[in-house]
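Peer 1: Take this sequence and fold it.
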Amino acid sequence: MGRAYYRVRVNFDDNVRGEVDICSPRSQDVVLDPSVDTYNTKKWPQFFHRRYVSHHDLVAMFGKAAADEVGYAPVPDWYVYEDTFTAQQMGQLPHYHDPAAQLPLRRAHLLIEREYRDMAVKDVFIDVETGDTSEIPETWDRDRVVRVLELTPGLSTTRRKVETIRWAVTCGRHVLHKKDSPYKNFTIVPFFPSFVDGVSVGGVQSLLDPQQLYNKITSQELHIINTTANSGWKVKVGALKNMTIEELEQAGAKSGFVAELDDVSNMEKIQPNATPQGHDRLSFKADQIMRQLSGVSNQARGFAREDVAGEAIMANQAAQDVNSAGWLANLHRTKQMLAGVVIDCVQAYYDDTRTIVINRGSAFRPNFDTVTINQPTPEGQVINDVTNGKFTTVLVPAPSRSTLSEEDFKTLVMLKKDLGIQIPDAMLLELSPASNKGQIIQAITQDSNEAAAAQREIETAAQQAEIEKLRASAKKEDTAALLNQARAEKFAVEAASDPDASYERVEMTRLQIEQEDRRENRALRRREIDDREQHRQNQIALGLAGLENDRYLAEKQLNTSPTRQE
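Peer 2: Now for the predicted structure:
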C-alpha cells in the first residue's frame, strides 16, 4: 500500500495518571489531505482517521444519549456504495448486532476523526527573559494559572493569535466531539518508503506489474502443457463402435482411454504444436526483472553460489544497503519523529513523580537501574523535571536483536579460537542460539563458583606454605648471624692471648661453618623439590576436578534436552 503509520496517544485504562500508548492503525483507514506534500507532519493542514464502531462503542465513548441519536438516524445519503454495504454487512456480526437495543437500523457506524490546524486568540504564558511562549490549556481555571505565576518567577501571561490543533469526531451527520486537541502535534506519525510531491511508493509496488507478467506467462505455459495432453483426435465417420463423438470429447484425454474401431487406421491422435521458441525463457526473464527491480541480490538472500569467495559475498551484502538507503533513511526519520511525539506526550502528562526501571543488562544477567523523575526536594526544587525545557533525541540504528547476537557470538568465538583471548563461557552461552542456555549458564556459574572456591583454597594453602618457608629462612639467617658474631668475639679474645692456637681454631671453625652451610643448602633444595612436587599434585587434582565438572555438565545437558536420541 506504499505507506504505514504509528499512532501515539496517552492511555488511561491501566493507569489513571496516563501512559504513552503506541499502536499501528490500518493504513487504509488514514486519509491524508490532498495538499500534503511533505514528510513532516508539522506542515500538514489536516488528516482523517475512519473506523467502524458498534452502538456499545458509541455509548462507552460519548454516552448513551449521543449513541441513541446516531443509532436511530438512517444511513447518510452521501455514503458511497462500499460504505453502505460494509455498514450493513458488519451490522450482522455479533459484536455490532444487538437485538436488545431495539434500533430500527442495526448496523455498524462509520466514525470519522479529523485532526486539523486552526488559528485562534488564546491566553499564553510568556517568559519575559527568553521570550518563549506556551499555550495555556483551555481546561485550566484562573486559580491554577495564578498558582503557576506565583511559583515561576519571570513568567507572565498575554493574549495572542496562535496556531492550535482541533479534534473533531463525526458519525454520519452528527458531531460527537469538537474541541482543542490535548496533544501538541498530530497523533499520527507516517512512514513512506518513498515520498515525492505527496505521492508515496512502497517497497514492492514496482514489482506488481512484473509479477502479473510472470503469472500470465506461467498460465500460458500451463495451457500449452494441457493442450499437449488433450490435443484431440481424427476419426473416420462411423469408425467408433463403443461410444459417440460427444463421449469421445469428454473421455478422450483421460488415462486408460479405450476406443473400439472397425479399423485401427481409422483413428489418429492430432499432434499438438511445438512450444514456441523462446516462450520457456519468458518466465525466466520475468523472474530476473523482479529481482533487478527489487534490488535484492542472491548474496543478500543467502543464495550465493558455492564457488564464490566469502569476502566477495560479504562485500556484496555490505553494498546491498545502498539499494535500500532511501527507505532506511525514511524509516530513520519516522523513528526520530516518533521519539519527538513521545517526548511531547511525556512532558504534557508525566507531571507527577514516577520511577522508571531500566535494564542495562540482559534477560539472563539483568542489571537494573532506577530513575525517578519529577522528584520534589524539601528545599522546593524538582529533580529530573521532564515537564520543563526542550529535549532532543539521538537515534542509533542497529540490526535486530537476534542478528546482532549471532554476529557477536561468531566474533567472540573467533577471538577465543584464533587469538586465544580468554572469553568467559557464560558470555558465549548468553549470545549463543541454544534454547536452554539459561539453565546451562546457571549450572556453569554454580560449578564455576565451587571450582573457584577450591582453587582459592589451594592457592591460600600454597601462600601459607611459602610464608612459613620465608619465615624459617629469615630465622635461620638471624641465628647464623648471631652465632658468627659470638664466634668472632670469642676468636678476637683468643687471638689476643695465643695467636697460633687462635689461627687453628679459626680454620677449624671455618670448615665447620662451610660444612653446616652445605648441609643446610641440601635441606633447602630438598624442601624446594618437595614443594614443587606438592604443587604439581595440586594442579593434577584441579585438572581432574575440571574434567569431572565438564562430564557432569554434559550429562546434565543431555538429560535436560527436549529430544533425546538413544
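Peer 1: When you work out contacts or count neighbours from here on, use the C-alpha atoms and nothing else.
Peer 2: OK.
Peer 1: Can you pull out the low-pLDDT segments for the stretch 1-150 of the chain?
Peer 2: 94-95, 97-107 (pLDDT under 70).
Peer 1: what about the strands in it?
Peer 2: Along the stretch 1-150 of the chain, counting by DSSP state E, counting those that start in this stretch, strands occupy 4-11, 19-23, 30-32, 46-53, 109-127, 133-135.
Peer 1: Any idea how many residues pack against residue 160?
Peer 2: Counted with other Cα atoms under 10 Å, the neighbours of residue 160 add up to 12.
Peer 1: no no, residue 189
Peer 2: 22.
Peer 1: do the same with residue 20
Peer 2: Other residues lying near residue 20 total 15 when counted by other Cα under 10 Å.
Peer 1: Pretty sure it sits against residue 10.
Peer 2: Yes. Residue 20 lies in contact with residue 10 (Cα atoms under 8 Å); the separation is 4.5 Å.
Peer 1: any common contacting residues for those two?
Peer 2: Counting by Cα atoms under 8 Å, 6 or more residues apart in numbering, the contacts common to residue 20 and residue 10 are residue 345.
Peer 1: Torsion angles phi and psi at residue 137?
Peer 2: phi -60, psi 140 (degrees, to the nearest 10).
Peer 1: how about the helices in this protein?
Peer 2: Counting by DSSP state H, one finds helices in the chain at the ranges 55-62, 64-71, 81-90, 142-151, 208-229, 245-251, 279-294, 310-323, 325-349, 401-418, 425-431, 437-497, 499-560.
Peer 1: Can you name the residues that contact the nearest residue to residue 169 once chain neighbours are set aside?
Peer 2: Among residues not flanking residue 169 along the chain, residue 113 sits closest, at 4.5 Å (Cα to Cα, 6 or more residues apart in numbering). Contacts for residue 113 (Cα under 8 Å, 6+ apart) come out as 48-50, 167-170.
Peer 1: Quick check: beta-bridge partners of residue 113?
Peer 2: residue 49, residue 169 (DSSP bridges).
Peer 1: Nearest to residue 4, out of the helices of the chain?
Peer 2: Closest approach to residue 4 among the helices of the chain is made by helix 325-349 (10.2 Å; Cα to Cα).
Peer 1: tell me the mean pLDDT over that closest one?
Peer 2: Helix 325-349 shows a mean pLDDT of 89.
Peer 1: again, but for stretch 519-533
Peer 2: Mean predicted confidence for stretch 519-533 is 78.
Peer 1: ditto for stretch 367-377
Peer 2: Averaging pLDDT along stretch 367-377 gives 85.
Peer 1: how long is that stretch from one end to the other?
Peer 2: Chord length of stretch 367-377, first to last residue, is 27 Å (Cα to Cα, to the nearest Å).
Peer 1: Figure out how far that stretch is from the centre of its chain.
Peer 2: Its chain's C-alpha centre and that of stretch 367-377 lie 25 Å apart, by Cα atoms, centre = their mean, to the nearest Å.
Peer 1: Show me the one of the strands of the stretch 1-150 of the chain that comes nearest residue 213.
Peer 2: Here strand 4-11 is closest among the strands of the stretch 1-150 of the chain (Cα to Cα), at 27.1 Å.
Peer 1: Against which helices or strands is that closest one packed?
Peer 2: Packed against strand 4-11, as judged by 3 or more Cα pairs under 8 Å, 6 or more residues apart in numbering; DSSP states H and E, are the following elements: strand 19-23, strand 188-191, helix 325-349.
Peer 1: Output those as CSV; include the columns distance to residue 288.
Peer 2: As requested, the helices and strands packed on strand 4-11 are exported to CSV (distance: least, Cα to Cα, whole Å):
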stretch, distance to residue 288
strand 19-23, 37
strand 188-191, 29
helix 325-349, 22
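Peer 1: Highest mean neighbour count across the ones you listed, which stretch is it?
Peer 2: Among the helices and strands packed on strand 4-11, ranked by average contacts under mean count of other Cα atoms under 10 Å, first place goes to strand 188-191 (a mean of 24).
Peer 1: what helices or strands is that strand leaning on?
Peer 2: Here strand 188-191 touches strand 4-11, helix 325-349, going by 3+ Cα pairs under 8 Å, 6+ apart.
Peer 1: can you list contacts of the longest one?
Peer 2: Meaning helix 325-349. Identification of contacts with helix 325-349 by Cα under 8 Å, 6+ apart yields 6, 8-10, 17-18, 20, 183-185, 187, 189-194, 203, 386-388, 391-395, 397.
Peer 1: Ok, stretch 182-200 next?
Peer 2: By Cα under 8 Å, 6+ apart, the residues outside stretch 182-200 that reach it are 2-9, 34-39, 41-42, 115, 164-165, 201-203, 326-328, 330-331, 334, 337-338, 341, 344-345, 348.
Peer 1: what about that stretch, distance to the chain center?
Peer 2: That offset, for stretch 182-200, works out to 23 Å (Cα atoms, centre = their mean).
Peer 1: thinking again about what came up before, how close does the residue nearest to residue 169 sit to residue 77?
Peer 2: 19 Å.
Peer 1: Equivalent analysis for residue 376, please.
Peer 2: Distance from residue 376 to residue 77, by Cα to Cα: 58 Å.
Peer 1: of those two, who's got more company?
Peer 2: residue 376 (14 against 9).
Peer 1: What is the neighbour count of the closest residue in space to that one that isn't next to it in sequence?
Peer 2: Distances taken as Cα to Cα, 6+ apart place residue 382 nearest to residue 376, at 4.3 Å, with adjacent residues excluded. Counted with other Cα under 10 Å, residues neighbouring residue 382 total 14.
Peer 1: do the one 10 residues further on as well
Peer 2: Around residue 392 sit 9 other residues, with neighbours defined as other Cα under 10 Å.
Peer 1: Give the closest residue to residue 388 in space, chain neighbours not counted.
Peer 2: Closest residue to residue 388 apart from its sequence neighbours, by Cα to Cα, 6+ apart: residue 347 at 7.3 Å.
Peer 1: rewinding a little: now tabulate the strands of the stretch 1-150 of the chain in a markdown table and tack on distance to residue 473.
Peer 2: Below are the strands of the stretch 1-150 of the chain laid out as a markdown table (distance: least, Cα to Cα, whole Å):
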| stretch | distance to residue 473 |
| --- | --- |
| strand 4-11 | 78 |
| strand 19-23 | 74 |
| strand 30-32 | 90 |
| strand 46-53 | 91 |
| strand 109-127 | 81 |
| strand 133-135 | 83 |
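Peer 1: nearest to residue 247, of those strands?
Peer 2: Of these, nearest to residue 247 by Cα to Cα is strand 46-53, at 55.2 Å.
Peer 1: list the buried ones in that closest one?
Peer 2: Buried positions in strand 46-53, judged by neighbour count with 16 or more other Cα atoms under 10 Å: 46-50, 52-53.
Peer 1: what do you get for stretch 211-228?
Peer 2: In stretch 211-228, counting by 16+ other Cα under 10 Å, buried: 213-214, 217, 221, 224, 228.
Peer 1: gap between residue 112 and residue 264?
Peer 2: Separation of residue 112 from residue 264 (Cα to Cα) stands at 76 Å.
Peer 1: Between the two, tell me which one has more neighbours.
Peer 2: Neighbours were counted for residue 112 and for residue 264 using other Cα under 10 Å; residue 112 has more, 18 against 10.
Peer 1: The residue nearest to residue 376 reaches residue 372, doesn't it?
Peer 2: No. Counting by Cα under 8 Å, residue 382 stays clear of residue 372, with 10.6 Å between them.
Peer 1: Which members of the contacts of residue 113 are the farthest-apart pair?
Peer 2: Across the contacts of residue 113, no pair lies farther apart than 50 and 167, at 13.4 Å, counting by Cα to Cα.
Peer 1: pLDDT at the residue nearest to residue 376, what is it?
Peer 2: Listed pLDDT for residue 382 reads 81.
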